[in-house]
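# got a structure for you, letters missing:
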């Protein structure tokens, strides 16, 4: 949807191929984990408002909560970090945000949805010139194959995208992929929201090694005040410590979390069942490492990179990929030529998210690599900045700017931040 919004500024017609549109009333079922708690980080919120002016107001009027300053709480080992007054986060479920985005996109005169599934690419020489597709109808698997001509094709098929296979079948290279096994499990439950925690919209406790949970002051989890006067609560765990479907066990684990989650466990009524999901590995496809790539083709969202969801980067990565596509097209680049400018832009975004998430994941004893160059130094500096961020508001602001993807992780290694970190820890 975000890519379609960008393309609408440049194309005569934008066609979204959505295989489940015919059986879902045109709403699309989307990602299988969409019912889990999602975070729209500050940078994602900014990009969403750029693409859809006024959408924040619409979301809030529809029941979403906007948290600012002390309403946005982050904890490390049970300790509340200093407030960042300018922090903002939008409390809303992913389906709620998608519904509003979808309504905006489909209201555009040159955007249409076709109930069909992409089956292959169509080539004209060295560029992609369209898509082979099968139309879908309710109650039928598919109809006959057809072709749809296009000046530019966008792969938004997610982490299980079949694009690599299609490229190989047409004589092109498959993009190399980086993987990091994290073996994460998480579960989300909704609770009815009343007058408890009136100032809290978002509360998040960072994960640590599963072997330390009994000694730690809190278990990892998060909650968000969302539309419908509800709390959305997520608990996470690695390996065999994954949360399950049992609502009683879910509450028991919440009572070992930080104070906001404990209060919701004690005071609020469960609304519905506990939904679980497993995330096996982070992965990213490196399109810039390909010597040759066809024109007329770009890739967005999880089809480029999918990182550990506990850090809440997915929606913001999708928004930043869309704005990278916008910048590429605004540069005057021909859609028929290889989109190297786009892939360079999106690589910078993905590299930042990948460095942040995988450096944190490598702190888990069961995560065994691959280790990036300079990992020991990065980890040493990161641990010290993290420790100082619990104490000092200036260091914490720099830390949160990185978490919210307003800054690249290398911002934490600036001399000013490292020097202040050293002073803060020396005085502790």
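Cool, got the structure. This is a predicted model, so every value here is computed, not measured.
# Please name every helix or strand in contact with the longest helix seen in the chain.
Ranked by residue count and defined by DSSP state H, the top helix of the chain is helix 340-361. In terms of contacts (3 or more C-beta pairs under 8 Å, 6 or more residues apart in numbering; DSSP states H and E), helix 340-361 is packed against strand 177-192, strand 275-285, strand 297-299, strand 305-306, helix 314-330, helix 375-389. (Each C-beta comes from the backbone N, C-alpha and C, glycine too.)
# And for residue 401, the neighbour number?
The local packing count at residue 401 equals 19, with neighbours defined by other C-beta atoms under 10 Å.
# Quick one: work out the angle between the one helix or strand it maps to and helix 375-389.
Applying DSSP states H and E as the criterion places residue 401 in helix 393-403. Relative orientation of helix 393-403 with respect to helix 375-389: 130 degrees, computed using axes from the mean of the first three to the mean of the last three C-alpha atoms, to 10 degrees.
# For helix 393-403, name the packing helices and strands.
Packing contacts for helix 393-403, counted by 3+ C-beta pairs under 8 Å, 6+ apart, involve helix 375-389, helix 415-426.
# so of the helices and strands packed on helix 340-361, which one's packed in deepest?
By mean neighbour count, with neighbours taken as mean count of other C-beta atoms under 10 Å, strand 297-299 ranks first of these at a mean of 26.
# Report all helices and strands that that one contacts.
For strand 297-299, the contact count by 3+ C-beta pairs under 8 Å, 6+ apart identifies strand 153-155, helix 340-361 as packing neighbours.
# Quick one: distance of it to the chain centre.
How far strand 297-299 lies from its chain's middle: 19 Å, per C-alpha atoms, centre = their mean, to the nearest Å.
# List the strands paired with that strand, with their directions.
Sheet neighbours of strand 297-299, with direction, are listed as strand 153-155 (parallel) (DSSP bridges).
# Quick check: what element follows the partner strand along the chain?
Past strand 153-155, heading to the C-terminal end, the next element that is a helix or strand (DSSP H and E) is helix 163-169.
# returning to what we had before: now the helices and strands packed on helix 393-403 as JSON lines including distance to residue 86?
Converted to JSON lines, the helices and strands packed on helix 393-403 look like this (distance: least, C-beta to C-beta, whole Å):
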{"stretch": "helix 375-389", "distance to residue 86": "16"}
{"stretch": "helix 415-426", "distance to residue 86": "17"}
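# Least confident of those, on average?
By mean pLDDT, the lowest-scoring of the helices and strands packed on helix 393-403 turns out to be helix 375-389, with a mean of 89.
# coming back round to it: mean pLDDT for the helices and strands packed on strand 297-299: which is lowest?
Ranked on mean pLDDT, the bottom entry among the helices and strands packed on strand 297-299 is helix 340-361, at a mean of 94.
# Run the chain-centre distance for it.
Here the centre of helix 340-361 is set off from its chain's centre by 12 Å, with C-alpha atoms, centre = their mean.
# got it, and stretch 374-384?
Offset of stretch 374-384 from its chain centre (C-alpha atoms, centre = their mean): 24 Å.
# Excluding its own residues, what touches that stretch? List them.
With contact meaning C-beta atoms under 8 Å, 6 or more residues apart in numbering, stretch 374-384 is reached by 355, 359, 360, 362, 363, 372, 412, 413, 418, 421, 422, 425.
# ok, 7 Å please
Taking C-beta atoms under 7 Å, 6 or more residues apart in numbering as the criterion, the residues outside stretch 374-384 that touch it are 359, 362, 412, 413, 418, 421, 425.
# For the fifth one, which non-adjacent residue is closest in space?
Read it as residue 418. residue 381 (6.7 Å; C-beta to C-beta, 6 or more residues apart in numbering).
# any idea how far the one you found is from residue 399?
12 Å (C-beta to C-beta, to the nearest Å).
# lowest average confidence, helix or strand, in the chain?
Here the helix or strand of the chain ranked lowest by mean pLDDT, DSSP states H and E is strand 202-205, holding a mean of 86.
# could you say what helices and strands that one packs with?
The elements that strand 202-205 packs onto, with contact taken as 3 or more C-beta pairs under 7 Å, 6 or more residues apart in numbering; DSSP states H and E, are strand 72-76, strand 221-226.
# For residue 35, which of those is the nearest?
strand 221-226 (11.6 Å; C-beta to C-beta).
# Low-confidence ranges, the stretch 201-350 of the chain, go.
Along the stretch 201-350 of the chain, segments meeting pLDDT under 70 span 207-217.
# number of nearby residues for residue 289?
A total of 11 residues lie near residue 289 under the criterion other C-beta under 10 Å.
# just checking, residue 167 touches residue 174?
Yes: counting by C-beta atoms under 7 Å, residue 174 is a contact partner of residue 167 at 5.8 Å.
# sorry, back to before: dump the helices and strands packed on strand 297-299 to CSV, plus mean neighbour count.
As requested, the helices and strands packed on strand 297-299 are exported to CSV (neighbours: other C-beta atoms under 10 Å):
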stretch, mean neighbour count
strand 153-155, 23
helix 340-361, 20
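# hang on, the earlier thing: pull the distance from the helix holding residue 401 to the chain's centre.
Distance, centroid of helix 393-403 to centroid of chain: 20 Å (C-alpha atoms, centre = their mean).
# same deal with stretch 65-79?
Distance of stretch 65-79 from its chain centroid, counting by C-alpha atoms, centre = their mean, is 19 Å.
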